[in-house]
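Q: Just a sequence and a predicted model for now, questions to come.
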Amino acid sequence: MNDHFETAVKGGDNTDSNTILIVDDDKINRKVLGKIFSDLYSIKEVENGEQALFEILNRRDTYCAVLLDLVMPNMNGIDVLRVLKKYNILKEIPIFLITAEANDTIVMREAYELGVMDIIAKPVIPFIVRQRIQSVIELFETRKYLKNTVKTQQLNILTQAEKIIQLNRGMIEVLSTAIEFRDCESGGHVQRIAGITRFILTNTNFVTGLSEEEIENIALASIMHDVGKIAVPDAILSKPGKLTPQEYDIMKSHTTKGAELLENIPQLHENEIYKYALDIAKHHHERWDGRGYPDGLAKDDITPWAQVVSIADVYDALSCKRVYKNAFPRKQVIDMIKTGQCGVFNPRLLDSFFDVEDELSRMYTAETLAN
């Protein structure tokens with residue numbers, strides 16, 4: 001077979017194809033067949049199997065049917081069918097085998113097994129050939145139309161689903177940002193937490209085996225880490241001085257309150273981020289040494305995504321101005337995290353974090369540090 005048959009085969013579902021390809025080495029036979037359909041379809045004639053393959057493989061959207069002679073020199077009709085089957089084209093374009101040897105059961109069996117639509121015996125009877133072929137063409141075109149309709153409907157459904165996803169994402173971000181405003185923050189904190197979480201999960205080996213979608217779900221879930229602060233009184237949430245032990249206990253309750261809030265949103269349960277959001281909201285203040293809250297989890301009992309959000313939260317809190325403190329210089333932030341002044345972290349997490357901290361520090365502008 002010539003190399004040009006191995007070029008890229010372009011497919012399509014063009015329902016406007018309106019040309020019949022007639023393949024026969026006899027010019028008179030081509031004219032006879034062409035005349036039968038010339039008032040309904042455009043006609044393209046070729047005189048051998050190689051020309052037929054070139055036309056079909058490179059212009060398959062053009063043809064609504066192929067009338068293929070069986071006996072031709074070099075490449076006969078069966079040879080052509082074998083190549084077309086390789087490219088799965090016989091399911092897209094109806095192929096009719098034209099032959100004077102319709103009683104050769106071995107050849108006819110192979111033709112049908114290869115996927116030929118019908119076998120037309122020579123000499124052809126025009127009105128019978130016209131009716132048989134036109135009916136099949138209409139059937140194929142209807143099937144293509146229905147296939148395109150289904151594809152369009154599927155695309156519309158996917159578009160609507162994407163809109164719903166974006167709406168849900170927007171609602172989550174608005175809720176989380178509103179809570180940050182209650183905490184006297186600009187709302188940038190939750191976005192930075194998501195960014196830090198995504199960056200650590202993507203650019204370090206602390207957690208392996210996560211897909212891009214899972215990483216994105218965890219980053220989105222991290223936005224809701226402090227959602228329970230909605231239940232903390234303003235007097236405690238925005239207090240500029242040190243909290244009393246009783247006030248601190250109330251502040252710590254934002255972890256369990258956040259988990260309860262998320263559990264009470266039934267629609268969220270069906271979302272892929274739910275399991276991450278619930279765990280992060282409840283456990284982002286746990287410590288590697290087991291001295292965190294609310295459950296006192298230790299070491300690998302704390303999920304890796306809750307650990308990542310925990311260090312992201314501490315890093316951002318130290319790096320930015322809050323109602324109760326100014327932003328700490330970067331060197332001091334690093335020292336405080338390294339020495340465990342703001343929580344005890346997984347040593348592997350610390351290694352991964354400091355591997356990328358230089359890149360993370362670039363998200364903090366002078367304006368960010370002042371907010």
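A: Right, received. Where do you want to start? Numbers count the residues shown, from 1 in each chain.

Q: all contacts plus neighbour counts: C-alpha atoms, from now on.
A: Will do.

Q: how close does Leu146 get to Thr152?
A: From Leu146 across to Thr152, the span is 10 Å (Cα to Cα, to the nearest Å).

Q: Likewise for Tyr364?
A: 45 Å.

Q: So the residue nearest to Asn48 when sequence neighbours are not counted, which state does it fall into?
A: Using Cα to Cα, 6 or more residues apart in numbering and skipping residues adjacent in sequence, the residue nearest Asn48 is Asp25, 5.7 Å away. Taken by DSSP: H, G, I helix; E, B strand; the rest coil, the conformation at Asp25 corresponds to coil.

Q: Just list the residues touching Asp25, thanks.
A: Contact analysis of Asp25 by Cα atoms under 8 Å, 6 or more residues apart in numbering lists Val46, Glu47, Asn48, Asp69, Met72, Pro73.

Q: Out of those, give me the one that has the most neighbours.
A: Highest neighbour count within the contacts of Asp25, by other Cα atoms under 10 Å: Asp69, with 28 neighbours.

Q: Enumerate every residue touching that residue.
A: Val23, Asp24, Asp25, Asn76, Gly77, Leu97, Ile98, Thr99.

Q: So which of these wins on neighbours?
A: Val23 (29 neighbours).

Q: hang on, isn't that one packed against Arg30?
A: Yes. Between Val23 and Arg30 there is a contact under Cα atoms under 8 Å: 7.2 Å.

Q: Now the common contact residues for the two.
A: Shared contacts of Val23 and Arg30 (Cα under 8 Å, 6+ apart): Glu45.

Q: Now do the biggest strand by length in the chain: distance to the chain's middle.
A: As assigned by DSSP state E, the longest strand anywhere in the chain is strand 63-69. Distance, stretch centre to chain centre, for strand 63-69: 38 Å (Cα atoms, centre = their mean, to the nearest Å).

Q: before we move on, what about stretch 24-32?
A: Centroid displacement of stretch 24-32 relative to its chain, using Cα atoms, centre = their mean, is 51 Å.

Q: sorry, back to before: distance of the residue nearest to Asn48 from Leu84?
A: From Asp25 to Leu84 the distance is 19 Å (Cα to Cα).

Q: and what of Gly241?
A: For Gly241 relative to Leu84 (Cα to Cα), the value is 80 Å.

Q: more crowded one of those two?
A: Comparing Gly241 with Leu84 by neighbour count (other Cα under 10 Å), the higher total belongs to Leu84, at 21 against 10.

Q: Flag the shaky bits of the stretch 201-350 of the chain, pLDDT-wise.
A: Residue ranges of the stretch 201-350 of the chain with pLDDT under 70: 323-324.

Q: Helices along that one, start to end?
A: Assigned helices in the stretch 201-350 of the chain, in chain order: 212-222, 234-237, 245-252, 254-263, 266-269, 274-283, 304-319, 330-338, 347-360 (criterion: DSSP state H, counting those that start in this stretch).

Q: Could you check which helix or strand contains the closest residue to Ala111 other than its chain neighbours?
A: Nearest residue to Ala111, sequence neighbours excluded (Cα to Cα, 6+ apart): Ile78, at 6.5 Å. Secondary-structure assignment from DSSP states H and E places Ile78 in helix 77-86.

Q: so after that helix, what's the next helix or strand?
A: strand 95-99.

Q: what's that next one packed up against?
A: Secondary-structure packing of strand 95-99 (3 or more Cα pairs under 8 Å, 6 or more residues apart in numbering; DSSP states H and E): strand 63-69, strand 118-121.
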